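Engineer: Sequence and predicted structure below; questions after.
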Amino acid sequence: MNKYLLNGIYSILALIILSAFAFKVFQPIQVLPRMQLSPAFALTDQNNERLTSEDLRGQFVLYNFTYTNCPTPCYNMNDTILEVQSRLDEVELDGIDVSFVTISIDPEHDTPEVLNSYAKTIGADTEAWKFATTTNKALLKTIIGSGFETYYEDKGNGDFAFDPAFILVDGWGIVRAEYRYSTEVTHADRILRHLGVIAEEVRNSTGSGKLAYEAAHLFLCYAP
């Protein structure tokens, strides 16, 4: 092969590597990874109304998975959502709605009536915070276990083993962050910061800015 052509190829490769290194070190644009598509679903909420993944398109959604008989404090999951809800005005969202969806892993007990009462007991703002489930246990397991990749198991007698988790999904239905296990799920500050990051991406990733964000995703999220 012509040595000039080889030099050109090596120069291009070197430029790519240096660009990736620069993005890694200087991080001119902050992004959250596009981890995977969130699962499609159709559930029944605390008002006995249908709640689907399509209803939530265009919003940022924070999901969590629990059951109403979970012993207090149940990893402080409710406290985390209540804190995030109360502090949303700290984040520049530019009019993007933020919703919260708690999916019950105990559909036999957690009927719409029970979920409604539970929401009132903990002081949930149900305009933005939905509590939902489905009586189809196989479908529920597919949504949570396969779709959101979160473990739970019915131990019998109304007791469940599960990994506490929050999953943050953007307006396109893409998972952007996961907060798993008791050491992370109580960190409202981290969730709020991540909401700000994806809101900034929506605000700035148009025109030439879109190319910059795509480059950031390429170099920051996928480059070794």
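Structural biologist: Received it, and whenever you're ready, just let me know what you need.
Engineer: Chain neighbours aside, what residue packs nearest to the residue nearest the centre of the chain?
Structural biologist: Within the chain, one residue has its C-alpha closest to the average C-alpha position: by CA atoms, centre = their mean, that is residue 168, at 1.2 Å. Nearest non-adjacent residue to residue 168, counting by CB to CB, 6 or more residues apart in numbering: residue 177, 4.2 Å away. All C-beta spots, glycine's among them, are computed from the backbone N, C-alpha and C.
Engineer: Please name the residues that touch that neighbour.
Structural biologist: If you count contacts by CB atoms under 8 Å, 6 or more residues apart in numbering, residue 177 has them with 32, 35, 167-168, 191, 194.
Engineer: Show me which of these is closest to residue 66.
Structural biologist: Each of the contacts of residue 177 was checked against residue 66 using CB to CB; the closest is residue 167, at 12.8 Å.
Engineer: For that closest one, which residues are in contact?
Structural biologist: By CB under 8 Å, 6+ apart, residue 167 lies in contact with 38, 62-64, 148, 150, 175, 177-179.
Engineer: Go through these and name the one nearest residue 202.
Structural biologist: The shortest separation between residue 202 and any of these is 14.9 Å, and it belongs to residue 177 (by CB to CB).
Engineer: Send me the helix or strand hosting the closest one as PDB with only the CA atoms.
Structural biologist: Taking DSSP states H and E as the criterion, residue 177 maps to strand 174-180. Output of strand 174-180 as PDB, limited to C-alpha atoms (Å, rounded to 0.1, in the frame of the first residue of the first chain):
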ATOM      1  CA  ILE A 174     -34.900   5.300  26.400                       C
ATOM      2  CA  VAL A 175     -33.400   4.300  29.700                       C
ATOM      3  CA  ARG A 176     -30.900   7.000  30.700                       C
ATOM      4  CA  ALA A 177     -30.000   6.100  34.300                       C
ATOM      5  CA  GLU A 178     -30.400   3.300  36.800                       C
ATOM      6  CA  TYR A 179     -30.200   3.700  40.600                       C
ATOM      7  CA  ARG A 180     -30.000   0.300  42.200                       C
END
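Engineer: Can you point out the helix or strand that includes the residue nearest to the centre of the chain?
Structural biologist: Element membership for residue 168, per DSSP H and E: strand 165-169.
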